[in-house]
Every structure is written in C-alpha cells, then in structure tokens.
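**Q** give me a model of this one.
(2 chains)
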Protein chains: 2
Amino acid sequence: MLKNDLFLKALKGETLERPPVWMMRQAGRYLPDFMTLKAKYDFFTRCQTPELATKITIMPIDQIGPDAAILFSDILVVLQAMQIPVEMKDGIGPWIPDPIRSTEDVGQSIVPDIHEHLGYVLDAVKMTKQALNERVPLIGFAGSPWTLLCYAVQGQGSKNFDIAKGFCFSQPDAAHSLLQKITDTTIAYLKEKVKAGVDAVQIFDSWGGLLSPEDYQIFSWPYIQQIVTALKNKAPVIVFGKGCWFALNEMGRSGASALGVDWTCSARNARYLSGGQITLQGNFDPSRLLSPIPKIKKDVHDMISEFGKDKYIVNLGHGILPNIPVDHAKAFVDAVKEYTP
Amino acid sequence: MLKNDLFLKALKGETLERPPVWMMRQAGRYLPDFMTLKAKYDFFTRCQTPELATKITIMPIDQIGPDAAILFSDILVVLQAMQIPVEMKDGIGPWIPDPIRSTEDVGQSIVPDIHEHLGYVLDAVKMTKQALNERVPLIGFAGSPWTLLCYAVQGQGSKNFDIAKGFCFSQPDAAHSLLQKITDTTIAYLKEKVKAGVDAVQIFDSWGGLLSPEDYQIFSWPYIQQIVTALKNKAPVIVFGKGCWFALNEMGRSGASALGVDWTCSARNARYLSGGQITLQGNFDPSRLLSPIPKIKKDVHDMISEFGKDKYIVNLGHGILPNIPVDHAKAFVDAVKEYTP
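**A** Residues are numbered from 1 along each chain as shown, chains lettered A, B, ... in the order given. Sure thing, here's the model as predicted:
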C-alpha cells in the first residue's frame, strides 16, 4: 500500500489537508546528479536502460520530495517503436532523418507489439516501482498523437511546426491515417504501462496550442479522447494541453481525472472553462522559480488559494528549466507542504 | 484624399460593404521580388535605406492587392537607436552582442532623439506615402516594450525567453527601468511616424503570451497602455498581443481603435473577451494558407461570417510564412473582396 497517496486522492477529487505537488521534468537537467549521468550516457541510452531510467526517476523523490514520481522517458520512443527513427542531435534536439511527408511514408510506419519494441519501458516501470517501495505513486506518460505527428512530419523541433501543419492541411487523409496509427500504438502502450505498475498516466499535448480551436477538434482532440476512453477504467488519466485553454471544456467532459493547465490560464479561467468539477493541475510559470525563495513561497501559497486546496495538484505550467537552482525547486515543493488554508 | 479608406473606416467602426484586408508580413519572403532584393542587400540595409523600404512596402500592394500597406521595417530598430546594438545573424536571426543583464547595462542605453537616430524610418514613411499616391493607407508599427526587452536581455530569439523572464523576476527594478526607457522611446518614435505621414500605428506584443495574466499586468500591459494613451489622439492604434487572449478585456478598454487576435482565440471568444464593441483584426492561421485555394476561400468566408463584416479587419493571426505560394496569398485577399454577406 502506498505510504503517500495524496496524489491519487486528488485525482479522485477527495478533500485533503493540502494539495499534492510534483513538477513536470522534475527528473531533469537542474539536478547535478542528473547532469553527471547525462555526461556518461546519451539520451536514448538513458531512456532505454531500465537501471538508468529508474535511478533518474527516483532522484527528485530523494532530493526534492514531491508527492509523485514520473517515469524518466521521452514521448518520442513511441515513434521509434513505430519504425520512425528518431535521434537526439547536439544543439538541435530531436531529429527525424526521414520525416513523414506522404501516404506512402505513413504506410511504412507500423503499429508495434509493445512488449517487443517498448519492453524496456515496461521493465523500467517494474524496477522503479520496486525502488520507490510504495513511497509515492508512479506516473507514466505519452505524447498526444498530434504532438507526435508534429515531430514525425516536421523532422525536428520548430517554433510553429509549419511543415507538419501544411501536411495536415494539404494531405488530411494521410495525416488522419498517421494520427490513428499513433493513437492505436499509444493506447496499447499505456495499457501495458498500467499493467506493469504505473498508478496514473498523463498525456502531453505539447503542441496542441499551435492549432486553432476548430483544427484542434479535427487533428488533436478526437485522438486524445480515444486514449482517455480506452484508459480511464484502467488508471486515472491526466490530459495536459499546453496553450489549449480553448479546449478545456471538451477536456472536462472527456472522462479524464485531471487536466493540466499552463500559466497563461488563470485559476479562475481554468475552473470556469473546464466546468468547475474536474481536478486541475498546474500552473506555476517555470521561469518564476528564478524569483527569490520567499517570493516563490508566497506565490505558491497565492496559487493554492486561487485554485483551492481540493481538486487540485500543484505543478509547474510546463517543464522545469535547466537553470533553476535546486534549492529554488525544493522551495516550491516545501511551500506546498507548509501550506495551511 | 485616400482612394481606398476601408481600413480607416473599419478602425472607426463604420458599417461597410465588406471588411478591409491586409496581412502581417505581407511584404515578406513569400514574394519572389522580395527574395531578389534580400539576396542583394542585408536585413538592416533594407530597413535603413528609404528607397528599399519603400520598394518593399509597395510590392504586395501591386502584386496582392490588400487594403492597407505596412511600412517595411523591424521592431528591433528601436533598440539600435537606444544604443543597444542588434545584428541579424544567418541561421540565428536577431543577435544582441551585449545583452542587458544589470542596472548598469540599462543605464548605458539612451532615450534617443528620433530624428537623429531613426530619421531613415521617417524618410521611408514620406517616400512610401508619395509612392502609394493615396491608393491605400499606410500603417507604422513598433514592438511592445516587453517584447523588445525580451530580445535586449535574452540576446537572441528563444522558445521561452527564460533569461529575459529571469531578469524580470530577479531584478524587477532594472526591468521596469528598461521598460520605461523603451516606452518613452517608442512614444516619441510613433509620434514622429504619425507626423511623417502614417495613417495608423500597430503595436506588436509578439511575446506577451509568454507571461501569466498577472505578470502581463506587471511587465507588459502598463507600458502598452502608456503608448496607446499618448498616441490615440494622433492616429488610430491597433494592439496585437500574440497569445494574449487573457488580456483582451483590458485592451478593449484602453483607447485602442482595434485589437489583433491570433487563431487560437475564436471569433466568438475574441468578441466576448474584448467587450464586444472594439474592432478586431485577425485571425487566419498562417499555415492554413497551405490549404488548396478553394478551401482557403471557403475558410475566409466562414471567418468573416464568424467575426461579422463590421468592426472587423481581415488578417492572418501572425505573419505570413515564407513557404506560402503567392497565388494562395492572393486568394486570401481576393476571397475578402469577393465576400457577400
């Protein structure tokens, strides 16, 4: 039995003494021990070696003390499993040598057997659960189909993913075929992750906010909804769409247990737009962790007051930045633990 | 007297047969003639040579037929005039060799005499007005103080302008001092542009959407409001804050004549959030110009129906992309001219 189940209780909407807290990318480059491992092992080696993924996942639990762990991995491992090779290039980031640009390209990708192609993730889940020893719950995650299409088609990160959007607008049939393949893979992948032991799953729609509300309903939301529907009876599902304030209403009615919000959407707007009933997660501006520590603590307390302590999970509005001092990250977590209504 | 004053009438909220149309970055890299000039003259030479700026400004008027011209220039010329050198580097974009990081750095920037340091822009305005020969109105523009601070402090473009935000959060006094200097410069600059002949001005808050609503009210909006207040009796002012849906309410009460909106904010949301009275400008997703021409025309007509033909200026939700075929850009403008309610 979990010793700290605040996070799972918040996902159920239970009344709590204080909200739980974790940070997106909490096992990341702001931690000196992470940087030591980063210097020794390349990106996908860290993802693909269960011992390393476990070690990295546990680091912030020991050093910062959040109420949930999130498995160290990357959204792009799903593309790799689909036979769309992805590399990590210095100074560029994700790099897809043969980006998808046609129906033929889509046809060459596969819906893989999860055990065969992503078994290392399942091993990492089991190993991490053991290492956590019931201290806190473990979150598994996947990218949204739209966000993965962005990388698969664009071929690398981008300000506006213009090539990916152009592909959708000029070859919508090919785009939908790819989105469905990614969706089918993601559903199978997340189901296996739950079987392997994760206590909740989060879907990251990092680039959903690049779409108009209308296009979001065409190219992103229907596929996320499929995933939520397939998973919601297996584990609580959190949907985080960066910049997707305009879709909070549909998201609130989707069967998800919680919605992530970024810092451009105020607590009041987020509660209003999402229908007021669903648990919300967010939304501290990651750059705000560069403020002096007393200011961080005050801002966290104000944020909890605005969201309310129930149906709320404290988090950043996006991943923690590499240049955040560790004591500032810890102050963020401590502020939540010190919160009194 | 202007032969085509649709744009100015829309800024006054007058009832029209059809809305006016122009495109952000309409004098840009999608035009082959622009690319010919780009190959011959570097970026700031094009900005600083009135004959070239005039030629580039007129190009889309002749070739695409929008209802307004916007002076070819760059928001960063204001930093240059303030003695903060800016270069344009191949493959990187804007580059500030000595970014501002301290109170001392802020102290070394100046509030310049506009005629002395930006006289070439005023010359370009006069030359362009002559060349336009009253065909359509001419828009002058400036970046918002916050957006210019982003570049001045970060030193280059960025996904999240983390250094610029860190500067604001850790050294707020220095940040406000810089913002005020940029504001004072911008007010003087836009006043001189109006005297030189521009018919309206637009303020681009390209990076306002990186701030939380609360921080927007601290670091961006008060400075834009100062500019609007100082200019509104000299010329109509348009405020465009990319990603700033959360501030449309304040913007609607600011004295601006129109507000630009991007494509993530639906017409209905934009009308509601801005208070329903002010003229709106936008918001076609620039990537949507990669759709087939009949689809572009249909989408434009739908967009006009959603915004309503009055108190509305058709535009993109951000600058036109370099990879848009010229006939697609022209189809966008033509669709507006062909619109019947």
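**Q** so the residue lying farthest from the centre of chain A, which of the three states?
**A** Here chain A reaches farthest from its C-alpha mean at residue A:104, the gap being 30.2 Å by C-alpha atoms, centre = their mean. On the three-state scheme (DSSP: H, G, I helix; E, B strand; the rest coil), residue A:104 is labelled helix.
**Q** distance check, it against residue A:98.
**A** 12 Å (C-beta to C-beta, to the nearest Å). Glycine gets a C-beta too; all of them are placed from N, C-alpha and C.
**Q** give me phi/psi at whatever residue of the stretch 1-150 of chain A ends up closest to chain B?
**A** Going by C-beta to the nearest C-beta, chain B is nearest to residue A:93 of the stretch 1-150 of chain A, at 10.3 Å. Dihedral pair for residue A:93: phi 100, psi -150, per degrees, to the nearest 10.
**Q** contacts only, for the nearest residue in space to it that is not next to it in sequence.
**A** What sits nearest to residue A:93 in space, not counting adjacent residues and going by C-beta to C-beta, 6 or more residues apart in numbering or on different chains, is residue A:157, at 4.8 Å. Contact analysis of residue A:157 by C-beta atoms under 8 Å, 6 or more residues apart in numbering or on different chains lists A:92, A:93, A:94, A:151.
**Q** what about the top helix by length along chain A, distance to the chain center?
**A** Counting residues, the longest helix found in chain A (DSSP state H) is helix A:172-196. Mean C-alpha position of helix A:172-196 versus that of the full chain (C-alpha atoms, centre = their mean, to the nearest Å) differs by 16 Å.
**Q** cool, and stretch A:25-43?
**A** 18 Å.
**Q** mean confidence for it?
**A** The predicted model assigns stretch A:25-43 a mean pLDDT of 95.
**Q** for stretch A:333-341, same thing?
**A** 96.
**Q** what residues sit buried inside it?
**A** Neighbour-count burial for stretch A:333-341 flags A:333, A:334, A:335, A:336, A:339 (criterion: 16 or more other C-beta atoms under 10 Å in any protein chain shown).
**Q** that stretch near chain B at all?
**A** No: using C-beta under 8 Å from any C-beta of the partner chain, stretch A:333-341 stays clear of chain B, coming no nearer than 15.7 Å.
**Q** contacts for that stretch, please.
**A** Against stretch A:333-341 from outside (C-beta under 8 Å, 6+ apart): A:18-21, A:23, A:64-66, A:296-297, A:300-301, A:304, A:309, A:314.
**Q** what's the span of it, first residue to last?
**A** Distance across stretch A:333-341, first residue to last, is 16 Å (C-alpha to C-alpha, to the nearest Å).
**Q** ok, stretch A:99-109 next?
**A** 11 Å.
**Q** list the contacts of that stretch.
**A** Contacts for stretch A:99-109 (C-beta under 8 Å, 6+ apart): A:82-84, A:98, A:152-155, A:163, A:167, A:171, A:173-174, A:177-178, A:181.
**Q** so what's residue A:159 up against?
**A** Contacts of residue A:159 (C-beta under 8 Å, 6+ apart): residue B:159.
**Q** surely it is within a strand?
**A** No: counting by three-state DSSP, residue A:159 is not found in a strand; it is coil.
**Q** look up the pLDDT of it for me, please.
**A** For residue A:159, pLDDT reads 91.
**Q** what of residue A:91?
**A** 85.
**Q** now for it, how many residues are close by?
**A** By the measure other C-beta atoms under 10 Å in any protein chain shown, the count of residues near residue A:91 is 4.
**Q** and what of residue A:184?
**A** The number of residues near residue A:184, taken as other C-beta under 10 Å, comes to 18.
**Q** quick one: what helix or strand has the nearest residue to it once chain neighbours are set aside in it?
**A** Using C-beta to C-beta, 6+ apart and skipping the chain neighbours, the partner closest in space to residue A:184 is residue A:111 (4.9 Å). Assigned by DSSP states H and E, residue A:111 belongs to no helix or strand.
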